[in-house]
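build me a model from this:
(chains A, B and C)
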Amino acid sequence: MTVGSELFKIADLAVEFDTYGGVVQAVRGISFSVSKGQTLAIVGESGCGKSVSVQSMMGLIPIPPGRITSGSALLKGHEILGRSVIRGKEIRGSEIGMIFQDPMTSLNPTMTIGDQIAEPLQVHRGYSYREAFREAIKLLDMTKIPEAAKRAKQYPFEFSGGMLQRAMIAMAISCKPSILIADEPTTALDVTIQAQILDLMQDLQKETEMAIILITHDLGVVARMADEVAVMYAGKIVEHGTVEDVFYRSAHPYTLGLRAAMPTNDPEKQSVLEPIQGSPPDLFSPPPGCGYCARCPWSMSICESQHPEDYYLNEGHYTRCWMHHRESPLKPAELYFE
Amino acid sequence: MFLYTLKRLFQGLVTVWFIATATFFAMHNVPGDPLLNDRAVSEAIRANLESKYGLDQPLSTQYFIYLRNLSTGDFGISFTQENREVNDIIREHFPVSAILGILAVVFAATGGILFGALTAIYRNRLPDFIIMILVILGISVPSFVIAAMSQLALVSLNDLVGTTILPVAGWGTILHMLTPALVLGLGTMAYLTRLMRSSMLEVVGSDYIRTARSKGVPAPRIFTKHQIRNAILPVVTVLGPSIASITTGGFVVELVFAIPGLGRYFVQAVQQLDYTVIMGTTVFYGAFLVFMVILVDVLYGFIDPRVRLEK
Amino acid sequence: MSVLTPADFERIQYHQKTQNISRPSLSYWSDAWIRLKGNKRTLFSLYLIVGLLAFTILGPVFWNVDPAFQDLDQVSQAPGTSRLAIIVNDYEAWNGESDISIDALRLVDRATTMAVRLKWDTLPNASGYRVYRNIFPVGPEQAYGIPLVEYFDNTVLFFEDRLDLKPRRYYYSVVPMDDRGNLLDGYQSIAVDPIRVTTLDEARSKGLLTNESTLQAGDSINLSLHPLGTDYLGRDMLARLMEGARVSLFIGIGAPSLFILFGIFYGSVAGFIGGRVDQILMRFADFVVALPFLLFMILFKIAFGIGPGESGIFPMLVALVVLMWPATARLVRGQILQIREHGYIGASQLLGAKTNYLIFRHMLPNTLGVVLVTITFAIPSAIFIEAFLSFVGMGVAPPTPSWGSMSNEGIKNMLTSPHELILPAILISVTVLAFNLLGDGLRDALDARLRNQE
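As a prediction, the model looks like this:
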């Protein structure tokens, strides 16, 4: 990955929420980037901050109680975070499209599908309603919805979940954005539909060369879609690299734990799935050291008190684990033997 | 949709029958002879009425006579005002109540929707606080107090200016209608404001508004195209019952402002124990309200595509 | 970064499998209670309600005055007005004599609440006079007020007013009449401020003076105390408001408790049995909802009848219960149907729970929150309806005071003594406000827990 091709770059993003019980540090300084035509997957368990991170940079978290405490987001070299996220008005929907987890609730129940797809075109491209609607039908066609002209006049409740997700995609790509953010796009769908949606996204990516940021907790989806992976845990990225690096040369105990918890179809390796013991730390008062420390089988005393820094294993593949410190008596190779 | 309307109309008829029956038996439970009043009814009228309503016959026969008369739209003749048909009384006084009611409903609905949306958008900021304090007052202060207070205010306003800007009481011109309608609609307006506020807050936090924002739709357009239309739905559903409470609640306002409406007439009839008028107005009001609710429900179908297409 | 030593890299054991959850685990109700306490408005409303209950229950202990007693010396007395009265000698008849020269309408002697004596000079063209009294200046529209006397004799030039005088400003007018009794122009008017007086005998009979008292005519004396003034019949407002509070709160709390109990029963039967029974029961509830509420309140009230001497509280209670139960029934039924679908009911059944256990362990406790909120909102609406009906004259029968009937009486004297309307109106409003705020707070507290928000 070369620096010059970076389309979108997030650096040191941190997000907090004021809640009834105190301040939740949902995202604690994450950085990543995507390039044209590439797919970055952000993986992690529920509540690790993966959705919040993309929604905050899109200006979609309610402020207050939410708050972006630090960070920058450069799109084609221009800062889009900053003063107020509302600068995203020209960005959102036109430069960055977004699709959400639950298509059933994410579409306006009292507006026709066609109108909703046409809306970004009217807003960003200055299309008349008629033009925009005609374009919406084309987009529905593109996302392989049969009888698009008829379907465009229907309401969300007349669609199935998979169809709705297609319509969502049509809406997100209506202005030909350079980035598509997909926030758990298949979680709410049947497995067979999931594959279709993923295929559709890949096809569209090939056609338009857009970058995709895919948020998911499904490693299967990651393997199928992603070029690069960022593994998030407790509001931080603990490992980042290409799919091959992260899957086959996992450098962080958490990534390993995730892999061990994933079923495999290789009969030789088939064994009992190993869950990761325990639960993630309470982000009301995150631990001073590594967030995974309490669940990690290799934890050391330093892990409790200090955050590890980024350790680069090769270009683009880094992890945050004390084990990679040169003083560490534990060697990463031991990860595979214990 | 057509079938749905038809079904609702049929249900409405059954409800009206129930109201009529309840009215009949409630009135027949009133102690004393309806014809033995302070104002003695002459023997001839008495015999006439007895035969017409079958008062000398068993209750069941009376009930069927009553239902038969009702089905032909005959509410009978007033007991206290000779030769005055209940139908005439309704025809004369109901339009006044209806105009007052409609004006009040319009006030209440527009005010409620507008203020409710405003408070939701300015949540926890000054406009929200001011409107919500007014709303709490509107809900807590009884309508007759507001009516009396507004009369006092009008008196001093007119005194201050030296001429009658708005009349304090009576009926006739649009100026006469403004204050009573506002007073009458105030409680409902407060109620609708609260409803609209919570509905709006729910919509504001919903997934599809997030989607709209992710599309880069500007806030004013989100407000008009996405939020209002969805938030208004629960408000529309309670509009039917609101019309009911406004029209029946109207008689306090009619009393205070000396408006010759049906409500005031009803109170008078109750005080004079004018049986036919009481029964007639009750059944008429009941039927009116039932069909208003149906009307609102059917109209609701046109706003909400889910209802329109399913029923 | 500081230099790291090998000690930093010492392995540690799984010292804990999980982090301690920093928030304590709370039960449904204790959590709701914490939220409730945290809400200032709700807390405020709770204080208000406690205050109101104290006013109603303990009030008469501290202010033990008969609410029906009429203090005719102090009628329609606003709170805080001076209670001073001057002791005078017993009344003596007056024949129009005076030692002052009369050139126009004049006051003779001191104007007192016992008598106002007027004299005037002959008016041009008058063949008779009519004397009026008003509480406002006559003004350009020549509103003279109430006629007090008519003389078809232009030689009678004096009048003594003893009609229900209050210590306030009056405007007396003498208007000339022609021989047929038509009013002529050229009236004369005078403003008079009678002072409050009482005789020794009166004061003694009211217990304001002991027999040993040495007070004499010309001394002043305090009349009996009415902290919130009196109404148009001279009855003590504070005592009446307390009595009215008992009536209003009895109806306001009694009726909702009854119809909610019935509603819970009806709704849970419908929800639990379901099917055909449910349909029939709920259709009947729909019918009752469709009845024009206020008209039927009135109808039922007259149908139940109020005998002479009865207060009408009981018919009102019954009418409220008969008409208001369906809302609760619907709500409870909806809740029961919802809860039935929940996984934990199925789980409980799988574990062998009996129907009774399901109802009492799972269903009713889970409807309790909603029901509680309904009660708090039903109370203000019942109070409102009571006030409304009493205001229209269809509620509690006089002389039983309720806040509504007091407002009804008060509105008649609204212009002259607004406190008679404002005081009961404030109490109604404050009560309704308090219960509404409490309801809001309760709903927020329970709802937040249900939705797991914030």
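
strands along the chain, start to end?
In the absence of a named chain, chain A is used. Using DSSP state E, the strands of chain A run over residues A:6-19, A:22-35, A:39-43, A:66-75, A:78-79, A:96-99, A:179-183, A:211-216, A:228-233, A:236-242, A:311-314, A:317-319.

oops, wrong one, chain C.
For chain C, the strands defined by DSSP E cover C:84-88, C:106-108, C:116-119, C:128-134, C:146-151, C:158-161, C:170-177, C:188-192, C:197-199, C:220-222.

mind putting those in JSON lines, mean pLDDT included?
Shown next, in JSON lines, are the strands of chain C (pLDDT from 0 to 100):
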{"stretch": "strand C:84-88", "mean pLDDT": "77"}
{"stretch": "strand C:106-108", "mean pLDDT": "82"}
{"stretch": "strand C:116-119", "mean pLDDT": "86"}
{"stretch": "strand C:128-134", "mean pLDDT": "88"}
{"stretch": "strand C:146-151", "mean pLDDT": "85"}
{"stretch": "strand C:158-161", "mean pLDDT": "85"}
{"stretch": "strand C:170-177", "mean pLDDT": "88"}
{"stretch": "strand C:188-192", "mean pLDDT": "86"}
{"stretch": "strand C:197-199", "mean pLDDT": "79"}
{"stretch": "strand C:220-222", "mean pLDDT": "72"}
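
in contact with C:Ser224, which residues?
Residues near C:Ser224 by CB atoms under 8 Å, 6 or more residues apart in numbering or on different chains: C:Asp71, C:Gln74, C:Arg83, C:Lys206, C:Leu208. Where you see a C-beta, it was placed from the backbone N, CA and C, and this is true even at glycine.

make it 10 Å
C:Ser224 sits next to C:Val65, C:Phe69, C:Asp71, C:Asp73, C:Gln74, C:Arg83, C:Lys206, C:Gly207, C:Leu208, C:Thr230, C:Asp236 when contact means CB atoms under 10 Å, 6 or more residues apart in numbering or on different chains.

hang on, isn't the first one packed against C:Leu241?
No. C:Val65 lies out of contact with C:Leu241 (CB atoms under 10 Å); the separation is 11.1 Å.

give me the pLDDT value at the residue nearest the centre of chain B.
For chain B, the residue nearest the mean C-alpha position is B:Thr247 (2.4 Å; CA atoms, centre = their mean). pLDDT recorded at B:Thr247 is 79.

what's the nearest residue to it if we skip its chain neighbours?
B:Gly101 (4.2 Å; CB to CB, 6 or more residues apart in numbering or on different chains).

in chain C, what residue comes closest to chain A?
Of all residues in chain C, C:Asp8 sits closest to chain A, at 3.9 Å by CB to the nearest CB.

any idea what the spatially most central residue of chain A is bridged to?
With distances taken as CA atoms, centre = their mean, A:Ile215 lies nearest the centre of chain A, 2.5 Å away. Beta bridges link A:Ile215 to A:Ile42, A:Asp183 when assigned by DSSP bridges.

which residues does it contact?
Contacts were defined as CB under 10 Å, 6+ apart; by that measure A:Ile215 touches A:40-44, A:50-51, A:53-55, A:100-101, A:181-185, A:187, A:221, A:230, A:232.

ok, C:Arg283 next?
Neighbouring residues of C:Arg283 by CB under 10 Å, 6+ apart: B:Gln11, B:Val14, B:Thr15, B:Phe18.

how about the residue of the stretch 201-338 of chain A found nearest chain C: what's its closest non-neighbour residue?
Residue of the stretch 201-338 of chain A nearest chain C, by CB to the nearest CB: A:Ile302 (3.9 Å). Leaving aside its sequence neighbours, A:Ile302 sits nearest to C:Asp8 (CB to CB, 6+ apart; 3.9 Å).

quick one: pLDDT of the one you found?
The predicted local confidence for C:Asp8 is 71.

same check, this time on A:Arg151
A:Arg151 is given a pLDDT of 88.
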